[in-house]
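1. Provided below for reference: sequence and predicted model.
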Amino acid sequence: MKGFYIELEKIQKIFTTIDFSRNQFVGEIPNLIGRLKSLHGLNFSHNKLSGSIPPSLGNLSNLEWLDLSSNELVGGIPVQLADLTFLESLNLAHNKLVGPIPGGKQFNTFANDSYIGNVGLCGVPLSKTCNNEQEQPPSPRNAQQAEDDGFDWKFIWMGYISGLVIGISIGYIVLSSGKFDHWFSQWAGRRIWHKPNARLRGRRN
């Protein structure tokens, strides 16, 4: 009854229609709803339900109408709902659903009114098209590969810069110590001394 807190430990499977609308319910839609395969109608509209739409609703093979509108449901629309071949009426309006709308079968018969108020949804029948690059996150393998590549380049640049700094520092120390002038004088003297001698030996021969 409305206004009373009732904990349902077991739901009779003989129900063909369940209307839980406008009860200020909070929390998530229980997965066990998917066991009620005799259901023809399910209404959870105008509550404060959160979480995602359970994929188990795709097991309700006899379901003809489903109303989950005016809640706070998030996530995407389960593709399992496209298998409900008897579904004639669907209302997911005014939630926080995102992602592409499943295509095929009964979903091709639903109009924009079924999804209005979900700014994150895209695809037919909405005018907002889905961008595959935005909707599909990169695979873990590609993400890891990109991370590894960035990791390698970072260390290569660090090694290059460190080597450059060390080389400049050593050069400065050598130049400032005075040993470089002594070494250069000896090297230049040997070069100048050997060249005239080589020319004199050539003339004597």
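-> Arrived safely.

2. tell me the secondary structure at residue 81.
-> Classification of residue 81 into helix, strand or coil gives helix, according to DSSP: H, G, I helix; E, B strand; the rest coil.

3. what pLDDT does it get?
-> As summarised for this prediction, residue 81 has a pLDDT of 94.

4. now do the contacts for it.
-> Contacts for residue 81 (C-beta atoms under 8 Å, 6 or more residues apart in numbering) come out as 53, 57, 58, 66, 87, 90, 102, 107. Bear in mind the C-beta positions are built from the backbone N, C-alpha and C, glycine included.

5. now with 6 Å, please.
-> Shown in contact with residue 81 (C-beta atoms under 6 Å, 6 or more residues apart in numbering): residue 58.

6. and it, how far from residue 26?
-> The span separating residue 81 from residue 26 equals 23 Å under the rule C-beta to C-beta, to the nearest Å.

7. buried set for the biggest strand by length in the chain?
-> Looking only at the chain and at elements set by DSSP state E, the strand with the highest residue count is strand 96-100. When neighbours are counted by 16 or more other C-beta atoms under 10 Å, the buried residues of strand 96-100 are found to be 97, 99, 100.

8. quick one: mean pLDDT for that strand?
-> For strand 96-100, the per-residue pLDDT values average out at 96.

9. after it, next one along is what?
-> Moving toward the C-terminus from strand 96-100, the next helix or strand (DSSP states H and E) is strand 120-122.

10. parallel or antiparallel, which strands does that following strand pair with?
-> Strand pairing for strand 120-122, using DSSP bridges, gives strand 96-100 (parallel).

11. can I get the strand it pairs with in CSV, CA atoms only?
-> As requested, the backbone C-alpha atoms of strand 96-100 are provided in CSV (Å, rounded to 0.1, in the frame of the first residue of the first chain):
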residue,chain,number,x,y,z
LYS,A,96,20.1,10.2,-16.6
LEU,A,97,20.7,7.5,-19.2
VAL,A,98,23.7,7.8,-21.6
GLY,A,99,25.1,6.1,-24.6
PRO,A,100,23.6,4.7,-27.8
